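**Q** how would this look folded up:
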Amino acid sequence: MQPSVGIIKYGERAAREISSRIGGTVADRATLAGLGKQARADGQIIKVASDRSEWMFSLASVAVDATQNLVVTPNDALGGVWLRVDNFVDLKLPIAFGTADATALLTVPTGFNLLLLRAYWEVIASFTGGAGAIGVSSNNAAFSTKGDILGGATGDVAATLVQTGSPYKGGTIGAKFGTNGLIALVPTNTIRLDVQTAGFTAGNGFVHVAAQLIN
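**A** As a prediction, this is how the structure comes out:
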């Protein structure tokens, strides 16, 4: 059954035109992806309640984002995608103790430029079992040294990556936030995990990257 959002098929023309641009609210991104072709229109705006994000449907876009942080592709794959249109976004990217060094956690999709504001950890299960250290960088040559975005030169260790008190941990601020003054990523740039020292045998959570969408 389709959610109670989408395009009004009957009634006054003005109401139908408005409904094709303002689509209401859905529960989460999975519900957004499940909206059928008849409930979508080019330029339509829909809000997602679970994270208070806002999305616009673009029939022409072929952008892809497997993480669904910036692009949601409809399940029916009949053309077009939902594009994130919030000015500020919090990218939530899953990691675990076994995530390999240089794993791309997100590839910036076509049509998006990101000004990174801060990165931090969300620890669901404490990272334990060894003398591991992790950080975050990018394949962008300006920010490609391990720890440039989060973790610093030596990475964050088990003493920081613990699930006690708040699960949100500031960690070591990325080196390039201080020395470069600006971290901006463009399409095809990645946000990647750095395994600076191997050793964890347990632990999982998320890397969060707070960013502003820029033209």
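**Q** So what are the sheet partners of the lengthiest strand in the chain and their directions?
**A** Of all the elements of type strand in the chain, the one with the most residues (DSSP state E) is strand 113-128. Strand 113-128 has its sheet partners listed here by DSSP bridges as strand 168-169 (antiparallel), strand 183-185 (antiparallel), strand 202-214 (antiparallel).
**Q** now that strand: mean pLDDT?
**A** Mean pLDDT, taken over the full extent of strand 113-128, equals 98.
**Q** Show me where the protein dips below the pLDDT cut-off.
**A** 1-22, 180 (pLDDT under 70).
**Q** for it, what spans make up the helices?
**A** 13-19, 29-34, 175-179 (DSSP state H).
**Q** CA atoms of stretch 167-180 as PDB?
**A** As requested, the backbone C-alpha atoms of stretch 167-180 are provided in PDB (Å, rounded to 0.1, in the frame of the first residue of the first chain):
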ATOM      1  CA  PRO A 167      27.900   7.200  22.300                       C
ATOM      2  CA  TYR A 168      29.100  10.300  20.500                       C
ATOM      3  CA  LYS A 169      32.800  10.900  20.700                       C
ATOM      4  CA  GLY A 170      34.600  13.900  19.300                       C
ATOM      5  CA  GLY A 171      37.800  12.100  18.800                       C
ATOM      6  CA  THR A 172      40.900  13.800  17.600                       C
ATOM      7  CA  ILE A 173      40.000  16.700  15.200                       C
ATOM      8  CA  GLY A 174      41.300  16.000  11.700                       C
ATOM      9  CA  ALA A 175      44.600  17.600  10.900                       C
ATOM     10  CA  LYS A 176      43.400  19.500   7.900                       C
ATOM     11  CA  PHE A 177      40.700  21.300   9.800                       C
ATOM     12  CA  GLY A 178      43.400  23.200  11.500                       C
ATOM     13  CA  THR A 179      46.100  23.600   8.900                       C
ATOM     14  CA  ASN A 180      44.100  23.800   5.700                       C
END
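**Q** Could you chop the protein up by domain?
**A** Here the chain is described, according to automatic domain parsing, as comprising the domains 13-84, 88-214.
**Q** Now find how far off-centre the longest one is within its chain.
**A** What that stands for is domain 88-214. 12 Å (CA atoms, centre = their mean, to the nearest Å).
**Q** With the first one instead?
**A** Using CA atoms, centre = their mean, the mean C-alpha position of domain 13-84 is found 16 Å from that of the whole chain.
**Q** That'll do, ta.
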